[in-house]
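>>> With the sequence up front, the predicted model follows.
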Amino acid sequence: MRLMNEIKRSVKHLNANAPVSAKIDEAQVEVYVNKTIIDLESGNFDFSTYDSIVLKQGSKKRSVKRYKLFSTENILCQYIKQILDRRFKVKYPNRNKAVHTLFDFLKAVKQMSEFTIIKFDFEDYFNSVSSDYVFQKYIREQMNVRYEAKLISVFANQTIYSYAGLNTSNLFSEIIAVKFDELIRQKFSQYGLLFFERYVDDSIIILNQHLEQVVCERILNDAIHEVYYNKNISTAVPCKTKLNISKFKMITKRSLTTTATLSVDFLGYEFFFNLDVRDKVNIQYGITTEKRDKYNGRIDEIIADYKQNNDMELLRHKISAFSSRIVYLTKKYNNNVWKAKGIINNYNELRFLIDTPLLHHDTEIFLKDMIEDAFFRNTMPLPYFLIGAKKQRGYNLLKNMEVNKSLILVEHIGYDKAGLEKLCAKIGIPAGTGKRYGNMVREYLMKTKVGY
């Protein structure tokens, strides 16, 4: 009974997050549950049968692995994630909380007589973490149900690495990274560790002492080898985890001058440091060039779509959604999960710096002009809703960020169902008989390129 309930939970989770066109009814859920249990008991599955897909994100390409939506492999992969999430009580990092805490610590850094800030990440992290290594070193001894341990062992052997795109990619990589975190805190504690935060593979450390780069690199590499390269673990495929040297950065109080600006980045934010004429530390805050290019690419895609469909109202909704904070609810198992998306949400800490010298000039100009600049860059005339001060106000990122302009797609708080139906109708999404509020939200977000 426990197995059947877990498999059913897995199928329902996949169904809740499936595109509207791929959703199945309750009877089909039962069919997939029964088929998965039969396949599991007979060994009729192969976790190496994933598809390799290249996703384009602006100018960047990312390789991911995926199973067919309701394949036995995908259902069992989700089942394994459910088991291990509970067993290890995995707490996935909260991006906004991490950034908010960092901003608070940076205020204190300005007053320190000595400090060291270290930014590092791993190279191709998910594809470097051996699933079997994680299973052998951290998972196997924690499993007290034999058939579950056997299934996870088979999965780890057949998937080889903690590939991005699989439901378990964050899980396996997080289980081992938590051990890395513990070691980092231990090793840097003697050097005045004030702050350490890791979000997946993006990490930043603040010390209240001066530390030489050669010492820092040695400590980081020692920690990596202790956690990811234990020679006592027998596994056919080892980890390949290592520092991404091209993205490693260090700033110390002693390295600052009045004539040059140094910077580090974390989660798309960039922090600029220099000294003023009184040798006081100045810090400015902005968005990295890489992320600005990413958002420029998204606007270019929206404009390219308009060139194809010539649908002005859809263009208006896409740009309105792009320049707003989007709030909606999804389901995880049987619980409601709040979601917030958009550049305004992702860089919310900057809204408190608008009209102050703390906001970096390049970021201020980007937020102010990027939507209009995209039309000029694509040799397109400005649409009517971007012409004139009053009309432009609702589509200007800087102004929208300042007032935290939000599109609340949550019933009884934001749009009610009738209001959402009218919103959807404007871009050709019919209400439909009995269509649920959540389904309409999904269709609206997909059609306006926000994503769900």
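Okay, I see it. Residues are numbered from 1 along each chain as shown.
>>> do you know how far residue 184 is from residue 211?
For residue 184, the distance to residue 211 equals 13 Å [C-beta to C-beta, to the nearest Å]. C-beta here means a position set from N, CA and C on the backbone, and glycine is covered the same way.
>>> so how far is the first residue of stretch 63-83 from its last?
Distance between the two ends of stretch 63-83: 26 Å, counting by C-alpha to C-alpha, to the nearest Å.
>>> For that stretch, list every residue counted as buried.
64-67, 69-83 (16 or more other C-beta atoms under 10 Å).
>>> what's next to that stretch, contact-wise?
With contact meaning C-beta atoms under 8 Å, 6 or more residues apart in numbering, stretch 63-83 is reached by 6-7, 9-11, 13-14, 18, 22, 24, 32, 35-36, 39-40, 44-47, 49-55, 127, 148, 151-152, 155, 159, 163-168, 171.
>>> how about 7 Å then?
Outside stretch 63-83, the residues within contact range by C-beta atoms under 7 Å, 6 or more residues apart in numbering are 6-7, 9-11, 13-14, 18, 22, 32, 35-36, 39-40, 45-47, 49-55, 148, 151-152, 155, 163-168, 171.
>>> Make a PyMOL selection of the buried ones in these.
Those of the contacts of stretch 63-83 that count as buried under 16+ other C-beta under 10 Å are selected in PyMOL with:
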select buried, resi 6+7+9+10+11+13+14+32+35+36+39+40+45+47+50+148+151+152+155+163+164+165+166+167+168+171
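>>> From the contacts of stretch 63-83, which land in helices?
Counting by DSSP state H, these place 6-7, 9-11, 13-14, 32, 35-36, 39-40, 148, 151-152, 155, 171 in helices.
>>> Can you name the next helix or strand after the lowest-mean-pLDDT helix or strand in the chain?
Least confident element among the helices and strands of the chain, by mean pLDDT, DSSP states H and E: helix 389-393 (a mean of 62). Counting by DSSP states H and E, the element after helix 389-393 in chain order, helix or strand, is helix 397-403.
>>> same for that next one, what does it pack against?
helix 343-346, helix 361-377 (3 or more C-beta pairs under 7 Å, 6 or more residues apart in numbering; DSSP states H and E).
>>> Point out the most buried one among those helices.
Among those, ranked by average contacts under mean count of other C-beta atoms under 10 Å, first place goes to helix 343-346 (a mean of 22).
>>> model confidence over that helix, on average?
When pLDDT is averaged over helix 343-346, the result is 94.
>>> which residues of the stretch 101-250 of the chain fall in helices?
Under the criterion DSSP state H, counting those that start in this stretch, the stretch 101-250 of the chain contains helices at 131-134, 146-159, 169-188, 213-228.
>>> measure the spatially most central residue of the chain to residue 265 for me?
With distances taken as C-alpha atoms, centre = their mean, residue 95 lies nearest the centre of the chain, 7.8 Å away. Computed with C-beta to C-beta, the distance linking residue 95 and residue 265 is 14 Å.
>>> what's the answer for residue 428, then?
Separation of residue 428 from residue 265 (C-beta to C-beta): 40 Å.
>>> The two: which has the busier surroundings?
Ranked by neighbour count (other C-beta atoms under 10 Å), residue 428 and residue 265 place residue 265 first, with 20 against 10.
>>> element containing the more buried one?
Per DSSP H and E: residue 265 is located in strand 262-266.
>>> Dump that strand to CSV, restricted to CA.
The C-alpha trace of strand 262-266 is given here as CSV (Å, rounded to 0.1, in the frame of the first residue of the first chain):
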residue,chain,number,x,y,z
LEU,A,262,36.7,45.9,-8.4
SER,A,263,33.6,43.7,-8.4
VAL,A,264,32.2,40.4,-7.4
ASP,A,265,28.9,38.9,-8.4
PHE,A,266,26.4,36.5,-6.8
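>>> After it, which helix or strand is next?
strand 269-275.
>>> how many neighbours does residue 356 have?
Counted by other C-beta under 10 Å, the residues lying close to residue 356 total 10.
>>> ok, now residue 219?
Residue 219 has 19 neighbours, counted by other C-beta under 10 Å.
>>> Would you confirm that it contacts residue 187?
Yes. With contacts counted by C-beta atoms under 7 Å, residue 219 reaches residue 187, the gap being 5.1 Å.
>>> Pretty sure residue 54 sits against residue 61.
Yes. Residue 54 lies in contact with residue 61 (C-beta under 7 Å); the separation is 5.3 Å.
>>> Low-confidence ranges, the chain, go.
For the chain, the stretches flagged by pLDDT under 70 are 57-60, 332-334, 389-393, 433.
>>> Where do the strands of it begin and end?
Residue ranges of the strands in the chain, as given by DSSP state E, are 51-57, 60-66, 116-121, 193-199, 202-207, 249-252, 262-266, 269-275, 281-287, 325-332, 335-341, 406-409.
>>> Figure out which of those strands is closest to residue 224.
Closest to residue 224 of the strands of the chain is strand 116-121 (C-beta to C-beta; 10.1 Å).
>>> who touches the closest one?
The contact list for strand 116-121 (C-beta under 7 Å, 6+ apart) reads 201-207, 209-211, 216, 220, 243-244, 247-252, 264-266.
>>> Same list (the strands of the chain) but as JSON lines, adding distance to residue 106.
Below are these laid out as JSON lines (distance: least, C-beta to C-beta, whole Å):
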{"stretch": "strand 51-57", "distance to residue 106": "28"}
{"stretch": "strand 60-66", "distance to residue 106": "28"}
{"stretch": "strand 116-121", "distance to residue 106": "9"}
{"stretch": "strand 193-199", "distance to residue 106": "9"}
{"stretch": "strand 202-207", "distance to residue 106": "8"}
{"stretch": "strand 249-252", "distance to residue 106": "11"}
{"stretch": "strand 262-266", "distance to residue 106": "10"}
{"stretch": "strand 269-275", "distance to residue 106": "7"}
{"stretch": "strand 281-287", "distance to residue 106": "6"}
{"stretch": "strand 325-332", "distance to residue 106": "23"}
{"stretch": "strand 335-341", "distance to residue 106": "23"}
{"stretch": "strand 406-409", "distance to residue 106": "26"}
